[in-house]
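Q: prediction below, plus the sequence it came from.
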Amino acid sequence: MAEADRTEQATPRRRQKARERGQVARTRELAPALALVTTTLCLSWTVMRWPYEWRALFSGLLLQALKGSADASPACVTKAAVVTAEWAGPPVFFGFLVALTASLAQGGFLLAPQALAFKPEKFNPGTNMQRLFSVDSIRRVLKSCVPTAILVYLAAVLLTSHWSEISSLSFVPAKLAFLKVLALTFEMLWKGGLIFAVWSAADFLLERFNFERQLRMSKQEIKEEHKETDGNPAIRGRIRRLQRQMRRRRMLRNVSDATVVVTNPTHFAVALRYVPQEMEAPVVLAKGQNLLAHMIRQQAVWYGVPIVENPPLAQALYRTAEVGQSIPTKLYTAVAEILAFVYRMQAKEQRARLAAEKSMHAQV
């Protein structure tokens with residue numbers, strides 16, 4: 001797809017897929033550059049103690065060797081290890097801590113199984129040669145040459161500026177010469193590390209810019225991703241229709257348990273259930289409009305549920321009451337009148353039925 005079509009920012013799903021493949025904005029030079037600067041600074045803070053500590057160590061080792069004791073070797077090794085740990089431990093620890101922090105800041109902890117998966121094409125010499133002489137490979141080589149050239153230039157400048165002092169070191173005491181060389185070395189290290197760190201930070205910003213540009217998506221890709229995550233709109237519509245049909249069938253089956261059905265008489269129908277000893281208020285079992293209202297009336301006729309025509313109450317129940325919930329308080333009086341009418345009619349029918357049964361028994 002053309003680069004001009006990718007105008008949209010990457011979605012979280014696309015970023016997650018890229019991360020699963022091991023693709024994050026990261027530069028390899030930033031962590032070692034910061035570790036070099038940190039280690040150099042830590043060593044420079046303790047540089048004045050070095051001559052005394054190492055001189056004491058070597059003096060002790062020589063004395064132990066002159067004594068010729070059998071236990072001298074383990075003690076000398078232990079003492080040398082302790083001095084070395086005290087000297088190199090803190091700089092190495094802080095350098096490692098800074099390097100770890102810099103690595104985590106560039107995408108965090110990353111475990112990409114897809115990137116570690118076995119792929120036969122990785123062992124193809126033709127593919128590897130093509131990757132070796134690709135544009136990206138040449139770009140990385142040229143990019144690494146820039147800080148190297150700067151470091152070489154820095155070393156040349158420092159040596160040139162201190163050449164007179166370096167050439168006269170053979171005429172000064174050994175201790176002073178050692179301190180001078182040490183100071184020059186530290187100056188070269190921290191300046192070189194600082195340049196390396198600045199270049200690595202700039203390289204990280206460039207890598208992040210290129211990474212964001214590669215992750216850009218077109219509007220069509222975003223639509224396709226929405227279809228994958230949310231499903232096809234046609235399928236979602238069919239699922240919703242099936243769900244509505246299932247709710248409708250379940251609602252129509254509940255009409256058989258209704259106490260009364262209030263109708264418009266043709267446009268609205270609401271089925272109510274009320275058991276005085278079990279319910280505090282009537283509950284809506286089903287409601288519908290037009291065709292669904294007609295189906296509710298048919299179910300009521302089939303199951304022998306009383307049907308009462310009351311257009312204002314039917315419309316009010318349809319608009320204010322939900323299926324499975326109790327009717328609103330403001331409709332209690334109107335519904336109570338309907339239920340009282342139904343109960344009177346049922347009692348009248350029951351009396352008539354009992355009278356008919358008695359008459360039949362009398363005839364017999």
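A: Looks like it arrived, so ask away. Numbers count the residues shown, from 1 in each chain.
Q: walking through the stretch 251-364 of the chain, point out its helices one by one.
A: Using DSSP state H, counting those that start in this stretch, the helices found in the stretch 251-364 of the chain span residues 291-303, 311-320, 332-363.
Q: where does the stretch 1-150 of the chain have low pLDDT?
A: By pLDDT under 70, the low-scoring segments of the stretch 1-150 of the chain are 1-5, 22, 46-54, 64-77, 107-137.
Q: can I get the helices of the stretch 251-364 of the chain in TSV including distance to Ile195 and mean pLDDT?
A: (C-beta placed from N, C-alpha, C; glycine too.) As requested, these are exported to TSV (distance: least, C-beta to C-beta, whole Å; pLDDT from 0 to 100):
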stretch	distance to Ile195	mean pLDDT
helix 291-303	78	87
helix 311-320	76	87
helix 332-363	84	79
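Q: what packs against the helix or strand harbouring Ser200?
A: Assigned by DSSP states H and E, Ser200 falls within helix 174-215. Judged by 3 or more C-beta pairs under 8 Å, 6 or more residues apart in numbering; DSSP states H and E, helix 174-215 is in contact with helix 12-20, helix 30-45, helix 50-67, helix 135-161.
Q: ok, back up a step: closest one to Pro173 among the helices of the stretch 251-364 of the chain?
A: Nearest to Pro173, of all those, is helix 311-320, at 102.6 Å by C-beta to C-beta.
Q: now the angle between helix 332-363 and that closest one, please.
A: 120 degrees (axes from the mean of the first three to the mean of the last three C-alpha atoms, to 10 degrees).
Q: I'd say Pro306 and Lys348 touch.
A: No: counting by C-beta atoms under 8 Å, Pro306 stays clear of Lys348, with 11.9 Å between them.
Q: ok, which of the helices of the stretch 251-364 of the chain comes nearest Leu34?
A: helix 311-320 (67.6 Å).
Q: distance between that closest one and the chain's centre?
A: 48 Å (C-alpha atoms, centre = their mean, to the nearest Å).
Q: packing partners for it?
A: strand 260-263, strand 268-273, strand 283-289, helix 332-363.
Q: alpha carbons only: can I get the first one in CSV?
A: Listed in CSV are the C-alpha atoms of strand 260-263, where the atom choice follows Å, rounded to 0.1, in the frame of the first residue of the first chain:
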residue,chain,number,x,y,z
VAL,A,260,-54.7,-10.0,32.4
VAL,A,261,-53.8,-8.5,29.1
VAL,A,262,-54.5,-4.8,28.6
THR,A,263,-55.0,-3.7,25.0
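Q: buried sites along that strand?
A: Neighbour-count burial for strand 260-263, counted by 16 or more other C-beta atoms under 10 Å, picks out Val260, Val261, Val262, Thr263.
Q: what's near enough to touch the third one?
A: Pointing back at Val262 there. By C-beta atoms under 8 Å, 6 or more residues apart in numbering, Val262 lies in contact with Ala269, Val270, Leu272, Val308, Glu309, Asn310, Leu313, Ala314, Leu317, Val335, Ile338.
Q: what about the last one, how many neighbours?
A: Applying other C-beta atoms under 10 Å, we find 20 other residues in the vicinity of Ile338.
Q: next up, the contacts around it.
A: Val260, Val262, Val308, Asn310, Leu313.
Q: pull stretch 327-346 out as PDB, backbone CA atoms only.
A: Output of stretch 327-346 as PDB, limited to C-alpha atoms (Å, rounded to 0.1, in the frame of the first residue of the first chain):
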ATOM      1  CA  ILE A 327     -45.500  -1.300  37.000                       C
ATOM      2  CA  PRO A 328     -44.900   2.400  38.000                       C
ATOM      3  CA  THR A 329     -46.500   3.500  41.300                       C
ATOM      4  CA  LYS A 330     -48.700   6.100  39.500                       C
ATOM      5  CA  LEU A 331     -50.500   3.400  37.600                       C
ATOM      6  CA  TYR A 332     -51.400   1.300  40.700                       C
ATOM      7  CA  THR A 333     -54.900   2.700  40.900                       C
ATOM      8  CA  ALA A 334     -55.800   2.100  37.200                       C
ATOM      9  CA  VAL A 335     -54.300  -1.400  37.200                       C
ATOM     10  CA  ALA A 336     -56.100  -2.200  40.500                       C
ATOM     11  CA  GLU A 337     -59.400  -1.300  38.900                       C
ATOM     12  CA  ILE A 338     -58.700  -3.600  35.900                       C
ATOM     13  CA  LEU A 339     -57.700  -6.400  38.200                       C
ATOM     14  CA  ALA A 340     -60.800  -6.000  40.400                       C
ATOM     15  CA  PHE A 341     -62.900  -6.100  37.200                       C
ATOM     16  CA  VAL A 342     -61.100  -9.300  36.100                       C
ATOM     17  CA  TYR A 343     -61.500 -10.900  39.600                       C
ATOM     18  CA  ARG A 344     -65.300 -10.000  39.500                       C
ATOM     19  CA  MET A 345     -65.700 -11.500  36.100                       C
ATOM     20  CA  GLN A 346     -63.800 -14.600  37.100                       C
END
